[in-house]
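1. Okay, sequence plus prediction incoming.
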Amino acid sequence: EAGVAQSPRYKIIEKRQSVAFWCNPISGHATLYWYQQILGQGPKLLIQFQNNGVVDDSQLPKDRFSAERLKGVDSTLKIQPAKLEDSAVYLCASSPYLRGAGTGELFFGEGSRLTVL
Amino acid sequence: SQELEQSPQSLIVQEGKNLTINCTSSKTLYGLYWYKQKYGEGLIFLMMLQKGGEEKSHEKITAKLDEKKQQSSLHITASQPSHAGIYLCGAELLNTGNQFYFGTGTSLTVIP
């Protein structure tokens, strides 16, 4: 079974530029997550989709970050304009479950490492 | 504030030594998950605990859940260099809209 695919693996940009990350979850997985992991910290949830609807985006900095999951499959996370503090690994995860009551593990991609200069 | 706190933040042990990592939640847990992450890579699922008192083992790694204390511990017996990495606990927490939170992480170094 193919895992969660993410691209690009690495991206270096200057502040105020824009960047987009792509995620292809495991086939059939209903729930998709984007996490931001700053060096030395645990992942922080940015946005959670169930099928193509947003379940939670309370921690997404909406003035610069946007995400979409068209047709309930692939997802794109965009940052525009980027700031220095956006330097992090952006992790995409998917799950076959609709969340609630400890329903199962998340499957993670290898992440996209962003460096903002 | 951090919903899931891990301790210690980092650990350096000699190969062959035992070690324990703790994860404490500020809210009621639905389920507690342990993941391992190597530098520059994604998270690898280790195990999931759902019931108070539950204990699971995978090779030399054992995890327990104390539901009353809202705590979980991860114990590694006879550590090896292959155990090195960052250990993260994760959980769904009551009254958080089914968000999946992660702990602060514990960085483990095993010296051969």
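-> Yep, that arrived. These numbers were taken from a predicted model, which means no experiment stands behind them.

2. Run the contact check for stretch A:28-47 versus chain B.
-> Yes - under the criterion of C-beta under 8 Å from any C-beta of the partner chain, stretch A:28-47 makes contact with chain B via A:33, A:35, A:40, A:41, A:42, A:43, A:44, A:45. In short, each C-beta sits where N, CA and C put it, glycine included.

3. Output the set of residues of chain A in proximity to chain B.
-> A:4, A:33, A:35, A:40-45, A:48, A:55-56, A:89, A:91, A:93, A:99-111, A:113.

4. Tell me which entries of those residues lie within strands.
-> If you go by DSSP state E, the residues of chain A next to chain B have A:33, A:35, A:44-45, A:48, A:55-56, A:89, A:91, A:93, A:107-108, A:113 in strands.

5. next one: phi and psi at residue B:53?
-> The phi and psi torsions at residue B:53 (degrees, to the nearest 10) take the values phi 90, psi -10.

6. number of nearby residues for it?
-> By other C-beta atoms under 10 Å in any protein chain shown, 10 other residues sit near residue B:53.

7. quick one, what contacts it?
-> B:64, B:65, B:66, B:67 (C-beta atoms under 8 Å, 6 or more residues apart in numbering or on different chains).

8. Most neighbours among those, which one?
-> Using other C-beta under 10 Å as the neighbour criterion, residue B:65 leads the contacts of residue B:53 with 24 neighbours.

9. List the residues that contact the closest residue to residue A:24 other than its chain neighbours.
-> Leaving aside its chain neighbours, residue A:24 sits nearest to residue A:5 (4.3 Å; criterion: C-beta to C-beta, 6 or more residues apart in numbering or on different chains). By C-beta under 8 Å, 6+ apart, residue A:5 lies in contact with A:23, A:24, A:109.

10. 10 Å - rerun?
-> By C-beta atoms under 10 Å, 6 or more residues apart in numbering or on different chains, residue A:5 lies in contact with A:22, A:23, A:24, A:25, A:26, A:74, A:92, A:109, A:110.
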